[in-house]
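1. model the structure of this input:
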Amino acid sequence: MRRSPMRFLSEEARGFADALDGAPTPDLKRDLWGIRVLLHKLGWLLWHEKTGPRELGVAVFVGVLVGCSPFYGLHTALVLGLGFLLRLNKIAMWVASNVSLPFIAPFIAFGSMHLGYWVLYRQPLPMTLAGARVLAASGSIVEVGLSLWLYWLVGSVFVGSGLGLVLGGATTVVARRRATRDNAVPVGLDEN
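-> Purely as a prediction, here's the structure:
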C-alpha cells in the first residue's frame, strides 16, 4: 500500500521533530526566545545524521550529480529537497554539490554539453567557426541557448554520475577507514 505524499511529509516532519527534541541542549546564556538553542540543536542534528560510510558515499554521489546540473541558483534547494526525500546527509550533499566552483564550472559545462550533444546526435558538438554559424543559423539566440542548455542537462547526468562515483567511492573508503580506526583497540597499552 502506497503512502500519500502528505502522509509521507507528515511522518517525515514528525520524525524530524522527534530527532530535534532528542538532540543535546546546549547551555547558552542570553537566548532570546530559544532561537540560539534551536539553531544549535538543528546544527547538531544535521551534522550527525546518516554518517555511516555507505550513507555518506551516496550523499556525496547525489550532491555531485546535482552540482553538475545546469540548475545554477537552485542547487541548494534541490539538495535539501532530495536530502529529505532520500533521507541522506544534507550537509555532505551540499558540500558535494559545490563541485561546480567558478574555476571548475566551465569545464563541467563544456564537457557536459559535448557529451549531451554526442548522446543525442551521435556526433561531436561542432566547435568550429563554421559549426557555430550553422548552430546560430538554426534559430534565434533563445533557441540556440535552450539547445545548449538541453545538451548540458543531458550530458550532466553522465558527467555528474562519473564524478559522483569517483568522489562518492572515495568518501566511502575514507569513512570506512576512519570508522575502523576509531573502533580499533590500541595494541600495547597495558593498564598498570
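2. use CA for all of it now, contacts and neighbours both
-> Fine.
3. ok, Trp152 - how many residues close by?
-> Per other Cα atoms under 10 Å, the neighbour tally for Trp152 reads 25.
4. what helix or strand is the closest residue to it other than its chain neighbours on?
-> Closest residue to Trp152 apart from its sequence neighbours, by Cα to Cα, 6 or more residues apart in numbering: Met113 at 4.1 Å. Using DSSP states H and E, Met113 maps to helix 105-121.
5. so after the lowest-mean-pLDDT helix or strand in the chain, what's the next helix or strand?
-> In the chain, no helix or strand scores lower on mean pLDDT, DSSP states H and E than helix 35-48, which sits at a mean of 69. Sequence order places helix 53-67 as the next helix or strand after helix 35-48, per DSSP H and E.
6. which residues sit against that next one?
-> Outside of helix 53-67, the residues within contact range by Cα atoms under 8 Å, 6 or more residues apart in numbering are 50, 75, 78-79, 83, 88-90, 92-100, 156-157, 159-161, 163-165, 167-176.
7. got a pLDDT number for the spatially most central residue of the chain?
-> Computing the C-alpha centroid of the chain and ranking residues by Cα atoms, centre = their mean puts Gly63 first, at 1.3 Å. At Gly63, the model reports a pLDDT of 95.
8. relative to Ala92, how far out is Val154?
-> 24 Å (Cα to Cα, to the nearest Å).
9. list the buried residues of stretch 175-184.
-> By neighbour count on 16 or more other Cα atoms under 10 Å, the buried set for stretch 175-184 is Ala175.
10. out of the contacts of helix 53-67, which end up buried?
-> 50, 75, 78-79, 83, 88-90, 92-100, 156-157, 159-161, 163-165, 167-169, 171-172, 175.
11. before I go, just wanted to say thanks for your time.
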